[in-house]
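1. predicted model and sequence follow; I will ask about them next.
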Amino acid sequence: WATFTYKLEFGLVNVLFLFFVIAYLALFERLIPYEVKWQATKKEWLRDGIYLFITMMGGALSIAAIFAVASVVSPKTPSLPLGVEIALAILFISFGSYVFHRLGHDWPWLWRFHGIHHAEAKVNVGNNSVNHIFDVWGRRFIAQLPLIFIGISEQSLFVVSIFNTLQGYFVHANVNVRLGRLNYFIGSPEQHRLHHSVDIKEAGHFCVDVTLWDWIFGSYFWRRGRKPDAVGIKNPARFPPPEAILKCFIHPFKKPK
């Protein structure tokens with residue numbers, strides 16, 4: 001029972017922190033927007049709320065599977081100092097997320113799942129949740145599962161999940177902030193707007209937390225002051241509009257035209 005309560009508290013804190021981050025960034029999107037025209041309408045917030053629930057379900061399913069494995073094979077106390085574990089966990093999760101994310105752009109079938117996230121012609125904290133549930137599940141499961149087998153503890157997974165929540169929504173926020181030289185080390189809205197660019201030549205940045213894997217695999221592109229001319233996808237008609245949530249769910253399983 002104590003173990004169950006411990007895990008329940010982890011999940012509750014994660015959910016509360018997620019809502020806090022979204023509310024905090026939504027406020028700053030109003031105070032210091034990067035693009036006023038990218039601000040979400042009331043209708044879009046309602047839509048994005050539904051997608052947020054879908055995203056949370058995808059994340060919950062992956063985390064449930066991971067914790068089920070962790071409860072059997074993971075150490076109950078850290079085998080390394082917690083700080084070392086957290087650093088390793090960030091790097092391993094970042095790598096798994098990078099690989100799955102990049103394949104989501106490079107493999108046509110996976111793009112049919114991930115492209116739903118890119119179909120919107122604006123980037124803001126709300127539509128960060130516009131995802132296919134299997135895209136969310138796959139990325140999180142692939143990113144975190146290897147950590148279980150190399151002995152990363154549940155405490156480290158919790159800390160890193162908090163970090164990833166903050167980074168994932170921060171980089172997607174429509175806020176006019178500049179990180180300067182920190183852009184070489186961590187993800188930022190400046191980089192992620194380029195990732196959403198319709199110009200494939202500048203649409204790198206598959207890491208949203210640390211930039212290490214973009215550097216190693218040659219997908220780091222950021223240039224100071226560089227702005228995308230437009231965001232979205234070149235052929236938006238190939239995907240259902242984000243408002244058609246059921247069609248977006250079915251889309252990857254239909255035969256391409």
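-> Good, I have the coordinates.

2. what strand or helix carries residue 19?
-> helix 2-31 (DSSP states H and E).

3. tell me the first helix or strand C-terminal of that helix.
-> helix 42-73.

4. which strands and helices sit next to that following helix?
-> Counting contacts by 3 or more C-beta pairs under 8 Å, 6 or more residues apart in numbering; DSSP states H and E, helix 42-73 is packed against helix 2-31, helix 133-149, helix 154-170, helix 245-250. Where C-beta positions appear, they are placed from N, C-alpha and C, glycine not excepted.

5. need the residues that contact stretch 175-186.
-> 25, 28-29, 32-34, 167, 188-191, 209-211, 222 (C-beta atoms under 8 Å, 6 or more residues apart in numbering).

6. ok, residue 62 - contacts?
-> Contacts of residue 62 (C-beta under 8 Å, 6+ apart): 136-137, 140-141, 144.

7. out of those residues, who's nearest residue 61?
-> Among the contacts of residue 62, residue 137 lies closest to residue 61 (C-beta to C-beta), at 5.5 Å.

8. and that closest one, what does it touch?
-> Residue 137 neighbours (C-beta under 8 Å, 6+ apart): 58-59, 61-62.

9. quick one, what contacts the residue nearest to the spatial centre of the chain?
-> The structure's the chain has its C-alpha centroid closest to residue 168; by C-alpha atoms, centre = their mean the separation is 4.6 Å. By C-beta under 8 Å, 6+ apart, the contact set of residue 168 is 128, 208-209.

10. then residue 242?
-> Counted by C-beta under 8 Å, 6+ apart, residue 242 has contacts 47, 51, 116, 119-120, 127, 130, 248.

11. let's verify it: helix, strand, or coil?
-> Judged by DSSP: H, G, I helix; E, B strand; the rest coil, the three-state class of residue 242 is coil.

12. contacts for stretch 229-241?
-> Under C-beta under 8 Å, 6+ apart, the answer for stretch 229-241 is 115-116, 118-123, 193, 196-199, 247-248, 251.

13. buried ones in it?
-> Neighbour-count burial for stretch 229-241, counted by 16 or more other C-beta atoms under 10 Å, picks out 231-233, 239-240.

14. what mean pLDDT does the helix holding residue 19 have?
-> Helix 2-31 shows an average pLDDT of 78 in the prediction.

15. next: stretch 153-164.
-> Across stretch 153-164, the average pLDDT comes to 82.

16. now stretch 243-252
-> 94.

17. what residue ranges in the stretch 51-200 of the chain score low on pLDDT?
-> Within the stretch 51-200 of the chain, the stretches with pLDDT under 70 are 67, 70-79, 149-150.

18. mind giving me JSON lines with the contacts of residue 62 and columns for distance to residue 40?
-> Below are the contacts of residue 62 laid out as JSON lines (distance: C-beta to C-beta, whole Å):
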{"residue": "136", "distance to residue 40": "20"}
{"residue": "137", "distance to residue 40": "25"}
{"residue": "140", "distance to residue 40": "24"}
{"residue": "141", "distance to residue 40": "29"}
{"residue": "144", "distance to residue 40": "29"}
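
19. just give me the closest of the residues you listed to residue 151.
-> Of the contacts of residue 62, the one sitting nearest to residue 151 (C-beta to C-beta) turns out to be residue 144, at 13.5 Å.

20. for residue 55, which non-adjacent residue is closest in space?
-> Closest residue to residue 55 apart from its sequence neighbours, by C-beta to C-beta, 6 or more residues apart in numbering: residue 129 at 4.6 Å.

21. likewise for residue 256?
-> residue 112 (7.4 Å).

22. so what's that neighbour up against?
-> 251-252, 256.

23. helix or strand for it, which one?
-> Going by DSSP H and E, residue 112 is part of helix 108-118.
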